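S.K.: sequence below, structure please.
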Amino acid sequence: MTRSTTQIFVRATKARRRPLVLRLQPQPRRARDGRATFRHCLHAEWIKIRTMRSTLYVILGTLAFCLGLAALNGSSAGSEFADLSPADQASFDPLATSLRGYLLAQIALGLLGGLVITSEYGARTIVPTLIGVPHRARVLASKAVVLVGVALPVGIAVSLAGFLVGQASLSGAGAPHLALSDGVALRGIFGGGLYLALAGLFGLALGTVIRSTTATVTTLFGVMLIVQAFAPALPGELGDWVSKYWPPIAGGQIITSYQDPDLLSPWAGMGVVTGSVAGLMVAAFIVFRKRDA
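M.R.: Residues are numbered from 1 along each chain as shown. Coordinates of the predicted model:
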């Protein structure tokens with residue numbers, strides 16, 4: 001063996017004995033500890049609600065219905081205004097006339113809120129969701145935040161469009177109407193959007209507790225429409241209490257410009273709705289954490 005060959009062999013042997021040193025680059029938090037942050041959860045929930053076909057259908061359907069109802073209500077109420085008695089003319093409410101579509105909009109956005117969670121239970125995708133994010137409160141909180149981020153601007157847009165169409169119809173019929181610059185009009189538009197966002201959270205809480213889309217829709221109709229329709233027929237003090245404090249009825253005062261002395265004021269009614277939804281969301285968080293998927 002030549003001298004040069006011996007040197008090459010020795011160098012190769014030393015190279016094989018040299019310890020291997022890996023330089024690790026800093027990794028983001030998700031890669032280091034394997035846990036999804038709240039920002040990750042928000043991004044995932046945004047993708048889910050954006051890609052649900054029902055989201056677009058609910059938004060477009062609600063907008064179309066509220067615009068059509070505002071036009072019909074404005075034209076009908078405007079043409080009948082001259083035939084009303086002086087007492088009825090004094091209590092005429094142009095704001096509520098144009099925003100009456102909230103009755104269906106609250107069901108639609110409540111359904112959207114319910115679908116945010118019940119669709120995952122129905123498709124059993126809730127299991128991989130909770131495997132990826134074991135912190136259940138973080139999952140439900142991110143769903144609520146994303147839902148409000150969708151429902152609030154949709155609710156304001158629906159209220160604004162209904163107001164403009166309804167007031168134009170009232171003006172064309174020669175009936176009293178409001179301008180967008182009126183304080184009561186702005187309260188009805190933005191308050192109506194807030195109420196519809198709370199309706200979405202109400203649906204989310206119901207869906208979390210019930211887990212069934214069908215049962216959630218049935219409960220929404222019962223709580224938001226049927227009780228409200230039959231409240232005047234309830235006997236005595238029970239009927240008076242329901243008409244004044246039932247959350248959907250109390251919250252509906254936010255879209256009125258005429259204050260009925262027997263009912264809550266607009267913002268007091270909104271406080272009742274907010275408290276009711278907050279209580280139900282707390283119950284939903286407790287149930288979601290303790291019950292198996």
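S.K.: give me the low-pLDDT residue ranges for the stretch 101-250 of the chain?
M.R.: Along the stretch 101-250 of the chain, segments meeting pLDDT under 70 are nowhere present.
S.K.: apply 90 and report the result again.
M.R.: For the stretch 101-250 of the chain, applying pLDDT under 90 flags the ranges 122-126, 129-135, 171-176, 180-183, 232-233, 235-236, 239.
S.K.: helices of that one, start to end?
M.R.: With helices called from DSSP state H, counting those that start in this stretch, the stretch 101-250 of the chain shows them at 102-123, 126-132, 136-172, 183-210, 213-221, 227-230, 236-245, 247-251.
S.K.: how much does the longest one deviate in direction from helix 102-123?
M.R.: Same thing as helix 136-172. Interaxial angle, helix 136-172 versus helix 102-123 (axes from the mean of the first three to the mean of the last three CA atoms, to 10 degrees): 150 degrees.
S.K.: which helices and strands does helix 136-172 pack with?
M.R.: On a contact count with 3 or more CB pairs under 8 Å, 6 or more residues apart in numbering; DSSP states H and E, helix 136-172 meets helix 38-51, helix 53-80, helix 94-98, helix 102-123, helix 126-132, helix 183-210, helix 266-290. Backbone N, C-alpha and C define where each C-beta goes, glycine included.
S.K.: from the ones you listed, which stretch is densest packed?
M.R.: Stretch with highest mean neighbour count among the helices and strands packed on helix 136-172: helix 94-98 (a mean of 25; mean count of other CB atoms under 10 Å).
S.K.: could you dump it to CSV, C-alpha only?
M.R.: Extracted C-alpha coordinates of helix 94-98, given in CSV (Å, rounded to 0.1, in the frame of the first residue of the first chain):
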residue,chain,number,x,y,z
PRO,A,94,-92.2,53.5,9.7
LEU,A,95,-89.0,51.9,11.0
ALA,A,96,-90.6,48.7,12.1
THR,A,97,-92.6,48.6,8.9
SER,A,98,-89.4,48.5,6.7
